[in-house]
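S.K.: quick one, structure for this:
(one chain, ligands or ions: 1)
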Amino acid sequence: MRGGILYHDGQFDDTRYAISLLRTLEDLGGVAINYVEAVALLQSGGKTIGITARDREGDASFDLRAKVVINACGVFAEETLAMEHRKHEAMLSVSQGTHFVLPHSFMAGTTALMIPKTADGRVLFAIPMAWLDDRGDYGCGCGSRVCRAARSWVGEEVHSGPH
Ligand SMILES: Cc1cc2nc3c(=O)[nH]c(=O)nc-3n(C[C@H](O)[C@H](O)[C@H](O)COP(=O)(O)OP(=O)(O)OC[C@H]3O[C@@H](n4cnc5c(N)ncnc54)[C@H](O)[C@@H]3O)c2cc1C
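M.R.: The predicted structure follows:
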């Protein structure tokens with residue numbers, strides 16, 4: 001090893017963060033809805049004035065009109081933009097991160113580890129979380145193809161050592 005870096009990572013409970021954000025929105029008079037998908041944009045005079053929404057639980061569709069429509073669809077933002085039926089340059093280069101929860105004994109101590117140089121250029125972090133202990137489970141458990149691929153990649157990186 002030729003060197004290292006020291007960095008500080010803010011830790012918080014993102015479930016509590018999401019609930020707190022939701023409550024702030026409601027305190028300010030907003031209405032939060034879940035399991036409702038924007039399936040089309042309502043347009044008038046070249047402007048987006050609302051969306052057609054589909055309730056994914058009840059399967060009903062309805063129109064929602066608004067003064068301002070914000071496309072905050074994350075990695076799906078370009079799909080939403082395509083609903084404008086105009087030509088747009090590709091803007092996003094998407095990638096996916098995966099979390100694995102491991103028993104504390106996997107890496108005892110309180111210091112995080114970052115591996116910036118891996119076989120395919122991705123970055124690997126191992127971060128001791130304050131609220132996790134030895135009951136940690138291996139893998140995220142969703143069993144999807146992406147999760148299985150990520151799990152096998154992490155295993156290979158851990159066993160192959162530094163590049
Ligand atoms: C496993 C993992 C770990 C990460 N860890 C960290 C970390 O430690 N620190 C950090 O800073 N970042 C982390 N990130 C990155 C961070 O989560 C993202 O950068 C951030 O969530 C992006 O926020 P966003 O609001 O742009 O999009 P998102 O949080 O993805 O929100 C987009 C929302 O739009 C919804 N949506 C999409 N299409 C539609 C539609 N047609 N109609 C209605 N809703 C729609 C989606 O369901 C989603 O809820 C991590 C990401 C992953 C996957």
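
S.K.: okay, CA-based contacts and neighbour counts for the rest of this
M.R.: Noted.

S.K.: C147 belongs to a helix?
M.R.: Yes: checked against DSSP: H, G, I helix; E, B strand; the rest coil, C147 lies within a helix.

S.K.: test my guess that it contacts T98.
M.R.: Yes: taking C-alpha atoms under 8 Å as the definition, C147 is a contact partner of T98 at 7.2 Å.

S.K.: is A77 in contact with M83, as I believe?
M.R.: No: A77 is not in contact with M83 according to C-alpha under 8 Å; the separation is 10.2 Å.

S.K.: now do S160 against the ligand, distance only.
M.R.: To the ligand, S160 is 23 Å away according to C-alpha to the nearest ligand atom, to the nearest Å.

S.K.: retrieve the pLDDT associated with the residue lying farthest from the centre of the chain.
M.R.: Residue farthest from the centre of the chain, counting by C-alpha atoms, centre = their mean, is G45 at 34.3 Å. According to the prediction, G45 has pLDDT 93.

S.K.: next one: G29
M.R.: If you check G29, the pLDDT there is 97.

S.K.: before we move on, what about V94?
M.R.: V94 carries a pLDDT score of 81 in this model.

S.K.: which ones are touching it?
M.R.: Counting by C-alpha atoms under 8 Å, 6 or more residues apart in numbering, V94 touches V75.

S.K.: can you tell me the element it falls in?
M.R.: Counting by DSSP states H and E, there is no helix or strand that carries V94.

S.K.: next, the residue lying closest to L124 once chain neighbours are set aside: phi, psi?
M.R.: Sequence neighbours aside, I115 is the residue nearest to L124 in space, at 5.0 Å (criterion: C-alpha to C-alpha, 6 or more residues apart in numbering). When read as degrees, to the nearest 10, the backbone of I115 gives phi -110, psi 100.

S.K.: correct me if wrong: I115 contacts I127.
M.R.: No: at 11.4 Å, I115 does not count as touching I127 under the criterion of C-alpha under 8 Å.

S.K.: domain-wise, how is the protein divided?
M.R.: Domain ranges of the chain: 14-82, 104-160, per automatic domain parsing.

S.K.: quick one: which of these is nearest M1?
M.R.: M1 lies closest, by C-alpha to C-alpha, to one member of the domains of the chain: domain 104-160, at 11.8 Å.

S.K.: from L102, how far off is the residue farthest from the centre of the chain?
M.R.: Applying C-alpha to C-alpha, to the nearest Å, the value for G45 to L102 is 54 Å.
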